[in-house]
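K.L.:
Sharing a sequence plus its predicted fold:
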Amino acid sequence: MMQARILNTYQIKIAGEAESGQLMDMLKEVAIWIQSQGIDQWQYLLEGGDDDEIKQAISKGNTYLVTKDDELAATFTLSSKQNDWDKHIFGVEANHDSLYLHRLAVKPKFMKKCLGAAVIKWIDEEIATDKQYLKLDCVENNPKLNAFYKNNGFERIGVTDGHSKYRKSFKN
């Protein structure tokens, strides 16, 4: 199994099905924290709205775990295929030139340690892809999150249904 180090103390590896429960719990913990900050985002995660998609992404080997001393610190999913949400937000991609980033989440205990930025840098430098862009969306009314993506090299390319659309060119 592929495993890499970031920030000298964190490891990144592809999630296995045995870790799906732990991963789901972590995403729900982050969603609760987001709600506690007064941010209207990821409510659907708390209602189980993405459970099947999360499990499928794990079984396809698209979901990554970031750990520190065997403790789950963060997660993210990368997909070379648009899901229904991507098609809704970005439109159907005819030339298949993008990798889509979903559910980049950092546990509250590990926030403010540059871990999210390190993950984005790792994706840019370590993921072997023939794709031109890394794309993602986030709620438009979350200024901190929008600033985070802009500060990490993403270009805002529009808004659909209250969601900012971002892309970043791969270094290739």
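P.N.:
Now that the structure is in, tell me what you want to look at.
K.L.:
What ranges in the chain fall below the confidence cut-off?
P.N.:
Residues of the chain meeting the criterion pLDDT under 70: 1-7, 172.
K.L.:
At which residues are the helices of it located?
P.N.:
Taking DSSP state H, the helices of the chain run over residues 20-36, 43-46, 51-59, 84-90, 115-126, 143-151.
K.L.:
what about the nearest residue to Ser20 once chain neighbours are set aside, how many neighbours?
P.N.:
Distance criterion CB to CB, 6 or more residues apart in numbering; nearest residue to Ser20, sequence neighbours excluded, is Ile58 at 5.1 Å. The C-beta positions use only the backbone N, C-alpha and C, and glycine is treated the same way. Counted with other CB atoms under 10 Å, residues neighbouring Ile58 total 23.
K.L.:
wait, Ile58 sits on Gly16?
P.N.:
Yes - using CB atoms under 8 Å, Ile58 is in contact with Gly16, at 7.4 Å.
K.L.:
Which residue lies nearest the spatial centre of this protein?
P.N.:
Leu104 (2.5 Å; CA atoms, centre = their mean).
K.L.:
Identify the residues contacting that one.
P.N.:
Applying CB atoms under 8 Å, 6 or more residues apart in numbering to Leu104 gives the contacts Ala74, Thr75, Phe76, Gly116, Val119, Ile120, Leu136.
K.L.:
and Leu99, what are its bridge partners?
P.N.:
Per DSSP bridges, the residues bridged to Leu99 are Leu134.
K.L.:
distance of it from Gln43?
P.N.:
26 Å (CB to CB, to the nearest Å).
K.L.:
The two - which one has more neighbours?
P.N.:
Leu99 (22 against 12).
K.L.:
That one: what's it in contact with?
P.N.:
So, once contact is read as CB under 8 Å, 6+ apart, Leu99 ends up touching Leu78, Ser79, Ser80, Ile127, Thr129, Lys131, Tyr133, Leu134, Lys135, Phe170.
K.L.:
Neighbours of the nearest residue to the fourth one once chain neighbours are set aside, how many?
P.N.:
So the one you mean is Ile127. Leaving aside its sequence neighbours, Ile127 sits nearest to Leu78 (CB to CB, 6+ apart; 6.7 Å). Leu78: 19 surrounding residues under other CB under 10 Å.
K.L.:
Can you name the residues bridging to Leu78?
P.N.:
Here Leu78, judged by DSSP bridges, has bridge partners Leu101.
K.L.:
Double-check it against Asn62; I have them as touching.
P.N.:
Yes - if you go by CB under 8 Å, Leu78 and Asn62 touch, sitting 5.7 Å apart.
K.L.:
now the helices of the chain as JSON lines including distance to Asn8?
P.N.:
Putting those into JSON lines (distance: least, CB to CB, whole Å) gives the following:
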{"stretch": "helix 20-36", "distance to Asn8": "22"}
{"stretch": "helix 43-46", "distance to Asn8": "31"}
{"stretch": "helix 51-59", "distance to Asn8": "27"}
{"stretch": "helix 84-90", "distance to Asn8": "33"}
{"stretch": "helix 115-126", "distance to Asn8": "10"}
{"stretch": "helix 143-151", "distance to Asn8": "22"}
